[in-house]
Structures are given as structure tokens and as C-alpha cells.
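1. Below are the sequence and a predicted model; questions follow.
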Amino acid sequence: MARSTRRPRVSARIHRSTPRASNRSSNRKIRYAVVGLGYISQAAVLPAFAHAENSELVALVSGDPRKLKKLGSDYCVEHVYTYDQFGDCLNSGGIDAVYIALPNHLHSAYAKAAALAGVHVLCEKPMAFNQQECESMIYAAADTGVKLMIAYRLHFEQGNLEAIKTIESGKIGEPRIFSSVFSQQVKPGNSRLEREVGGGPLYDMGVYCINAARYLFRAEPGEVLAWNAANPGDQRFFEVPEMTTAILRFPGERLAQFTCSFGAADCSTYEVVGTKGTLRMSPAYDMVKDLKCEVTIEGRTTSRVFKKRDQFAPELIYFSDCILRDKEPEPSGIEGLADVRIVQALLASAVAGASVELPAVEVTERPEPSQQISRPAVAAPHLVRAASPGSQ
């Protein structure tokens with residue numbers, strides 16, 4: 001999307017409330033407001049409600065009157081709000097949860113406002129811009145008793161969950177090396193290219209690589225090292241680097257390395273090298289393509305294709321079930337915080353030109369194969385003043 005001259009703000013008209021949707025009836029649907037109507041909302045989140053049987057789209061929040069009118073009509077949503085009316089939306093009594101799909105720098109403020117109003121929060125990744133913002137979101141949810149989940153869609157996607165299962169089975173031996181590339185050509189003017197709004201490739205794409213390394217190694221890195229490539233000849237990268245390469249040291253002397261870029265051809269792949277074989281996912285992180293996994297052991301390769309599917313309806317189904325059954329979600333705010341603290345350490349390393357040690361942290365919940373939820377792919381919708389950030 002092009003840069004906006006007006007940034008949404010949180011209305012002060014918010015009242016502390018108790019969590020909504022405590023009724024555990026199996027027929028109950030969790031009522032959602034989608035906050036932010038950019039590309040990801042229009043291309044994936046809004047259409048996903050048709051496949052999420054326990055979830056209902058009841059409200060839209062945007063600063064664009066044209067989007068509110070057209071999308072409200074397209075999805076039969078009666079209740080539409082501007083950003084200045086966000087507090088009214090939260091206090092309306094008509095919603096149980098919000099799906100926050102705003103630019104990264106707004107995640108924390110809007111999530112905390114929702115929690116204060118007793119509204120459950122499903123927030124796009126990265127969770128926030130820094131560790132302090134992440135922690136404030138976690139505390140706000142804990143204080144008010146609402147559920148907080150970060151939208152890691154691949155925690156419910158069959159291909160990546162099967163990769164976890166394969167590695168844990170020992171088929172490729174002990175996993176020793178993780179390597180990944182995630183890149184695209186981001187169009188000029190996209191908010192991802194603004195330092196204080198999107199934050200650059202580490203926040204937008206690197207978080208996928210970091211998360212994959214963590215859930216495949218089932219561990220947290222203790223030291224990181226990073227380098228940025230600025231590409232001063234390209235005006236797109238005046239505020240953020242074109243790309244970042246990172247190395248993460250995990251317990252057991254295992255290494256993960258990745259490169260994420262806003263200035264290279266589309267690439268989405270990771271490979272895990274074990275003591276007996278390798279596992280390669282390519283594409284690995286895409287939401288609109290088939291995903292392919294290849295496992296090679298003693299020179300013999302077997303491959304499996306996971307057909308493209310709706311990766312957002314499973315998030316809605318799972319989170320709504322957590323609300324209805326009063327259970328804590330995985331991925332939780334702790335999962336989001338774990339990635340953001342690594343992003344911050346990598347940014348600090350790139351500036352200092354030296355490795356950065358990370359204090360030990362305990363993550364007790366990780367994605368499991370049992371979380372797989374399958375729904376058919378959605379038809380490509382007509383977009384209203386929104387476009388893919390890359391060349392696709």
C-alpha cells in the first residue's frame with residue numbers, strides 16, 4: 001500500500017470490562033472486528049471467515065471510508081468504524097475479539113486497548129516493535145483475563161507441521177544446521193519500507209525464518225550475529241536496509257542462518273541438515289502457493305506437495321475455540337515476544353558489528369502436529385485500494 005499521510009490513533013473512550021464470550025456452548029460463534037483493511041486483511045483474513053464455522057465477522061475498522069463502504073457491503077458487515085471510533089467498537093457489546101492487521105508500530109496500542117475493554121486479541125506478527133511493547137501486551141491480557149494470540153499461520157499449516165514431525169522422528173538424525181532465504185521485491189512507497197512503521201525486512205520476513213528455526217530446533221538461541229546490506233543506490237532503502245543476514249547459535253552447538261530481503265526475487269525456502277539426512281521446504285512460507293517438502297536420506301529423496309489452502313481460517317477456528325473452551329492459545333504472546341527479542345538482538349548486532357548474547361528464556365509451548373487444521377483455498381478477492389507488497 002502507499003504511504004498514508006494520516007496515522008490511526010486509539011480513542012480514549014474505552015472502559016475496563018470483563019472478558020467477552022464466556023458462554024461455552026458449542027453453537028456459539030465468536031464475533032470479530034477486523035482492525036485495518038490493508039492487503040493481508042482483504043486478501044486473506046476477510047475471506048477466511050467463510051471457512052471458520054465458529055467465528056463471525058461483525059465489524060470493520062479502517063480510516064478509509066471507501067474501504068468501509070465497499071467491504072462492508074461485500075461481506076454483509078453492518079457495523080463499520082473509523083480509527084477514531086475504535087473505542088466505540090470495543091464498547092459496543094457487539095464483538096468478542098479483534099483481529100489486528102495494522103502496521104507493526106500500532107499493534108501494541110490497539111491490542112492493549114482491546115484487552116482493557118475485555119475483548120480478546122488475535123494480532124498479526126511481528127507482535128510489536130520491541131520487547132517492552134510485547135510485555136505490555138502480555139500483561140494487559142493477563143490483567144483483564146482475555147486471550148492473546150499471535151497470528152503465526154504456519155503453526156496450523158500441514159507442511160510445516162509435518163516437517164516438525166519428521167525431524168522429531170529422528171529420520172534425518174540429529175538436526176545440526178538450519179538455513180533459510182525469504183525475499184521479495186517490495187514496491188516503492190510500501191509502509192514496510194518505513195523505519196518507524198514497518199521496520200524493514202527483519203520484522204516483516206526475518207520473523208518467519210526465526211520462528212521456523214525455533215520450532216524446528218525446539219529451542220531458543222543464546223547468541224546472534226547479523227549484517228545489514230543498505231543498498232544506498234536504491235531510494236526504497238533510504239530508511240531500512242535492503243537485506244539482513246543472520247546467524248543464531250542454539251544449545252548443543254547447532255547453528256541457524258538466514259537471509260531476508262526486500263530487494264531480491266521471490267524466494268521462500270528452508271533446509272534442515274541432520275546427521276543422517278536433510279529436509280528441505282521450498283516454498284516454505286507462502287500463503288498462496290503449494291508448499292513442497294523433500295527429505296533426503298542416504299542419497300534417496302522423497303517429496304511431498306501440500307496443496308495451497310486457506311491458512312487464516314485455521315487461526316480463527318483455533319483462537320475461537322480457545323475462547324469458547326477457556327484454554328490458552330499456542331502461539332501465545334510469549335511466542336511473539338521470543339521472536340521480537342531476537343529481532344532486537346539482531347538489529348543491535350548489525351549496528352555494533354559484533355555478536356549479541358541473549359539471556360536464557362523458557363518457552364514451554366511449541367507448535368505440534370496435532371494443531372493442523374485444513375480448509376480449502378479461498379478465491380482471490382477483488383481488492384479495494386490495497387495491493388500485495390511485492391512483485392506477485
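-> Noted; the coordinates are in hand.

2. Going by C-alpha atoms from here, please, whenever you check contacts or count neighbours.
-> Fine.

3. Mind checking what secondary structure the closest residue to Phe250 other than its chain neighbours has?
-> The spatial neighbour of Phe250 that comes closest, neighbours along the chain excluded (C-alpha to C-alpha, 6 or more residues apart in numbering), is Pro221 at 4.2 Å. Each residue gets one of three states, and Pro221 gets coil by DSSP: H, G, I helix; E, B strand; the rest coil.

4. and Pro221, how many neighbours?
-> For Pro221, the neighbour count with other C-alpha atoms under 10 Å is 25.

5. can you check Gly94 too?
-> Burial measure for Gly94: 15 neighbouring residues, criterion other C-alpha under 10 Å.

6. picking that back up, per-residue confidence at the residue nearest to Phe250?
-> Among the per-residue scores, Pro221 holds a pLDDT of 98.

7. For it, give me its contacts.
-> Contacts for Pro221 (C-alpha atoms under 8 Å, 6 or more residues apart in numbering) come out as Arg214, Leu248, Arg249, Phe250, Pro251, Leu358.

8. redo that, cut-off 6 Å
-> Residues in contact with Pro221 (C-alpha atoms under 6 Å, 6 or more residues apart in numbering) are Leu248, Arg249, Phe250.

9. From Glu168, how far off is the second one?
-> Meaning Arg249. Between Arg249 and Glu168 the distance, using C-alpha to C-alpha, to the nearest Å, works out to 19 Å.

10. cool, Leu122 as well?
-> When C-alpha to C-alpha is the yardstick, Leu122 and Glu168 sit 29 Å from each other.

11. These two: which has the busier surroundings?
-> Set Leu122 next to Glu168 and count neighbours by other C-alpha under 10 Å: Leu122 wins out with 26 against 16.

12. What is the host helix or strand of that one packed up against?
-> Element membership of Leu122 [criterion: DSSP states H and E] is strand 120-123. Using 3 or more C-alpha pairs under 6 Å, 6 or more residues apart in numbering; DSSP states H and E as the contact criterion, the neighbours of strand 120-123 among helices and strands are strand 97-100, strand 148-150.

13. one more time with 7 Å, if that's ok
-> If you count contacts as 3 or more C-alpha pairs under 7 Å, 6 or more residues apart in numbering; DSSP states H and E, strand 120-123 packs onto strand 97-100, helix 107-116, strand 148-150.

14. where are the low-confidence patches of the stretch 1-150 of the chain?
-> Counting by pLDDT under 70, the stretch 1-150 of the chain contains low-confidence ranges at 1-18, 20-26.

15. same thing but at 50, please
-> 1-7, 11-14, 23-24 (pLDDT under 50).

16. how about the helices in it?
-> Along the stretch 1-150 of the chain, the segments classed as helices by DSSP state H, counting those that start in this stretch run 39-40, 46-48, 65-74, 86-91, 107-116, 131-144.

17. how far is the fourth one from where the chain is centred?
-> For helix 86-91, the separation from the chain centroid amounts to 24 Å (computed by C-alpha atoms, centre = their mean, to the nearest Å).

18. likewise the third one?
-> The offset between the C-alpha centroid of helix 65-74 and the centroid of the whole chain comes to 25 Å, using C-alpha atoms, centre = their mean.

19. what residues are up against the nearest residue to Glu133 once chain neighbours are set aside?
-> The shortest distance from Glu133 to any non-neighbouring residue, by C-alpha to C-alpha, 6+ apart, is to Ser108 (5.8 Å). Residues near Ser108 by C-alpha atoms under 7 Å, 6 or more residues apart in numbering: Ala128, Glu133, Cys134, Met137.

20. what about Ile317, which SS state?
-> Bear in mind the rule, three-state DSSP; under it Ile317 is helix.

21. my guess is it meets Ala50, correct?
-> No - counting by C-alpha atoms under 7 Å, Ile317 stays clear of Ala50, with 11.0 Å between them.

22. and these two? which has more neighbours close in?
-> For Ile317 versus Ala50, the count of surrounding residues by other C-alpha under 10 Å is larger for Ile317: 20 against 14.

23. how about the contacts of Pro221 in CSV, adding pLDDT and distance to Ile334?
-> Supplementary listing: the contacts of Pro221 in CSV, determined by pLDDT from 0 to 100; distance: C-alpha to C-alpha, whole Å:
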residue, pLDDT, distance to Ile334
Leu248, 98, 19
Arg249, 98, 20
Phe250, 98, 18
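
24. any idea how this structure splits into domains?
-> 30-153+313-331, 158-308+338-366 (automatic domain parsing).

25. Can you give me the end-to-end span of the longest one?
-> The stretch domain 158-308+338-366 measures 15 Å between its terminal residues, going by C-alpha to C-alpha.

26. just how off-centre is that domain within its chain?
-> Centroid separation between domain 158-308+338-366 and its chain, computed with C-alpha atoms, centre = their mean, is 13 Å.

27. coming back round to it: so which of the domains of the chain is nearest Ala387?
-> The closest of the domains of the chain to Ala387 is domain 30-153+313-331. By C-alpha to C-alpha, the value is 5.6 Å.
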